[in-house]
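Engineer: need coordinates for the following:
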Amino acid sequence: MQGVLSGFAVIAVVIGVGYVLGRRGTLGDQGAAVLTGLAFTVAGPALLFTTLAKADLSVLFSARLLVTALSTAVVCGLFAAVGALGRWGVGRTTVGALCSGYVNSGNLGIPIAAYVLGDASLVAPVLLFQVVLVTPVALTVLDLSGTGRKGTVWRRLLTPLRNPIAVGSLSGVLVSAAGWRLPGPLMSPLTLIGNMSVPAALLAFGMSLHGNALPGRGRDRRPVLLSVALKSVGQPLVAWLLAEGVFALHGATLLDVVVTSALPAAQNLFTYASRYRVAESLARESILLSTVVSVPVLVGVAAVLG
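Structural biologist: Numbers count the residues shown, from 1 in each chain. Presented below is the predicted three-dimensional model:
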């Protein structure tokens, strides 16, 4: 259980620092916006590029990935269906769907995989799937929902290439697929810049908590509770059923896919919501609640399947 607790402890401390900064107004009224912009346009793309440029893309073709992809599609699809029926809007529904199935595979998934599963690389398929496919698709939807009516067909087709997160991800995949090894003088500055991504996103998230009501009580109560239920219970349950019943996974492999599916919603989803100025409270509250709920869920999964 050390991996679960240590991973959450690190995140809680950095978010707490962000909350204190927001409460004291240390970075001014635009501090959170500046950190969000930094993470979205510079540090995040650099992190994704350096990660994917060195990644082994062969891990994408495995039963584990299929379980991850299908469980993500199921819970995101369920939220999207409810959002469509409830007329929650494209942007709001997209953010809520991401909060339902986009796991924190980086700053929380890596330490948990290392301590609970014994191998940090086991989160690689989830990380690659999310940054290569889910992120570009979701951000393209957000782009088109805000500007698609004013653009031409050609402009719409090129939407992913104007998004820094998508560009960073796809560029990294291209470098890895081509087998290129970029020189140190080029990779080192990008790595240094990319290292700012996670702390900047966590600090901005912590700053956003100041002055806001307790999660799950505002106008986003229904979508928040739905996304948290799907993320914390629905996705790991679907992953378990698929892994064991369809793909006949057992033992350590079964534990791997269920644990990664039980991870909470990723903090960078708040960065996306803030950048597009849509469903920010929904993202913030869903991330916070799913992070809290995932602690007993992960402990229970490790106890039952470990």
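
Engineer: by mean pLDDT, which helix or strand of the protein comes out lowest?
Structural biologist: helix 153-157 (a mean of 54; mean pLDDT, DSSP states H and E).

Engineer: can you give me the mean pLDDT across the helix or strand following that helix?
Structural biologist: For helix 153-157, the following helix or strand on the C-terminal side (DSSP states H and E) is helix 164-178. In this model, helix 164-178 has an average pLDDT of 84.

Engineer: grab the nearest non-local neighbour of the spatially most central residue of the chain.
Structural biologist: Geometric centre of the chain, nearest residue: Ala266, 3.4 Å, by Cα atoms, centre = their mean. Once flanking residues are discounted, Ala266 sits nearest to Asn104: 4.2 Å by Cβ to Cβ, 6 or more residues apart in numbering. C-betas here are computed from N, CA, C, even on glycine.

Engineer: correct me, but the one you found touches Ala265?
Structural biologist: Yes: using Cβ atoms under 8 Å as the test, Asn104 is close enough to Ala265 to be in contact (6.7 Å).

Engineer: what residues do the two have in common as contacts?
Structural biologist: Thr291 (Cβ atoms under 8 Å, 6 or more residues apart in numbering).

Engineer: list the contacts for Thr51?
Structural biologist: Thr51 sits next to Leu127, Val131, Gly172, Gly194 when contact means Cβ under 8 Å, 6+ apart.

Engineer: in what helix or strand does it lie?
Structural biologist: helix 44-53.

Engineer: picking that back up, tell me the one of the contacts of Thr51 nearest Ala204?
Structural biologist: Among those, Gly194 lies closest to Ala204 (Cβ to Cβ), at 16.2 Å.

Engineer: list the contacts of stretch 53-68.
Structural biologist: 121, 124-126, 128-129, 132, 171-173, 175-177, 180, 182, 187, 239, 242-243, 247, 249, 253, 256-257, 260-261.

Engineer: right, I mislabeled it, should have said stretch 124-138
Structural biologist: Stretch 124-138 has contacts (Cβ under 8 Å, 6+ apart) with 48, 51-52, 55-57, 59-60, 62, 64-65, 68-69, 72, 94, 97-98, 101-103, 105-106, 109, 160, 163, 165-166, 169-170, 173, 260, 266, 272.
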